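*Asks:* Give me coordinates for this.
(one chain, ligands or ions: 3)
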Amino acid sequence: MPASALMNVMQTAARKAGRSLTRDFGEVEQLQVSMKGPANFVSAADHRAEEILFTELSRARPGYGFLMEERGEVKGADATHRWIVDPLDGTTNFLHGLPLFAISIALERDGELVAGLIYNPVSDETFTAEKGKGAYLNDRRRLRVAARMELAASLICTGIPHAGRPNHDLYLRELRAIMAVSSGIRRTGSAALDLAWTAAGRYDGFWESGIKPWDIAAGIVMLREAGAYATDIAGKDKMLETGSIVAGNETIHAKLLKLLKAADARGPAPVKAAGKTASKAPAKTAAK
Ligand code: IPD
Ligand code: CA
Ligand code: CA
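*Replies:* Residues are numbered from 1 along each chain as shown. Ligands and ions are numbered 1, 2, ... in the order given. Prediction:
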């Protein structure tokens, strides 16, 4: 399907930032063996990519606001549009030389997510979706959520809290519940790619908590357009506000939700993650 004018804008910005990330990714491999390691270099690469996305998107759509991981909220003259951007999702993978990271760009119109793009510059896979127009891989292959109905046959992806993040015990209860009944669990390390791959039917389901709007905004549009269900862990349409997401086809989503709720109920209430603040703006992110 030929890309729309909006998608062209998003793709042009992502490709330019992707070239910068790919160049820097090449350097990171050399830095692994140095005493200081590549951490500062990766942080600079992240900022460089964000700068490119900010410049390109501002030039193409002057006045639109931004919510970016590094810059935070940038108000635009046009209060009805806002880009939600993660310039480098999968930073830990990037830092360790694993080629699993992505640029994630979503567009919100009147508080509703209407477009999403997730681009892995190493594999050159671009996942795109526009509200009402479907989701695609590289503008060619239509994305459909996997049709499996049984968890026993399902490959489920997740995000695992680590040092500096709360709710380790809560997460272990969730993991215990899902690993006992599914055919496998994966932790890929880029929530944006995880959601794109779920929309593409590579994973049958996904769940994570303590996540930020820029990690999931583009993926939510993709999931919906691929026929998936996506809600927060309470089954509500408040993923951007609560920072939790559960996704899959209608049946797998319902089964995951039931198991996760039961696991959560078995212990103390979750602690809200500290760190960069999430969007305060309402997001109409209704799942199908
Ligand atoms: C992280 C990745 C990871 C997820 C974390 C995110 P970053 O984003 O999406 O998969 O588990 O919650 O913070 O830091 O690589 O942009
Ligand atoms: Ca991220
Ligand atoms: Ca990031």
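*Asks:* Tell me the secondary structure at the residue of the stretch 101-250 of the chain found nearest ligand 2.
*Replies:* Closest residue of the stretch 101-250 of the chain to ligand 2, C-beta to the ion: Asp215 (4.1 Å). (Each C-beta comes from the backbone N, C-alpha and C, glycine too.) Here Asp215 takes the helix state, with states given by DSSP: H, G, I helix; E, B strand; the rest coil.
*Asks:* what about it, neighbour count?
*Replies:* 26 (other C-beta atoms under 10 Å).
*Asks:* Ok, the one 3 residues further on next?
*Replies:* By other C-beta under 10 Å, the residues close to Ala218 number 32.
*Asks:* and this protein, which residues reach ligand 1?
*Replies:* 86, 88-91, 159, 189-191, 208, 211, 215 (C-beta under 6 Å from any ligand atom).
*Asks:* wait, which of these is closest to Leu31?
*Replies:* Using C-beta to C-beta, Thr91 comes nearest to Leu31 of the residues of the chain next to ligand 1, at 14.4 Å.
*Asks:* where's the helix or strand that Arg15 is a member of relative to the chain centroid, distance-wise?
*Replies:* Using DSSP states H and E, Arg15 falls within helix 5-31. Taking C-alpha atoms, centre = their mean, to the nearest Å, one finds helix 5-31 lying 17 Å from the centre of the chain it belongs to.
*Asks:* picking up where we left off before, which two from the residues of the chain next to ligand 1 end up farthest apart in space?
*Replies:* Leu88 and Glu208 (17.6 Å).
*Asks:* Helices along the stretch 51-200 of the chain, start to end?
*Replies:* Counting by DSSP state H, counting those that start in this stretch, residue ranges of the helices within the stretch 51-200 of the chain are 91-95, 168-179, 191-199.
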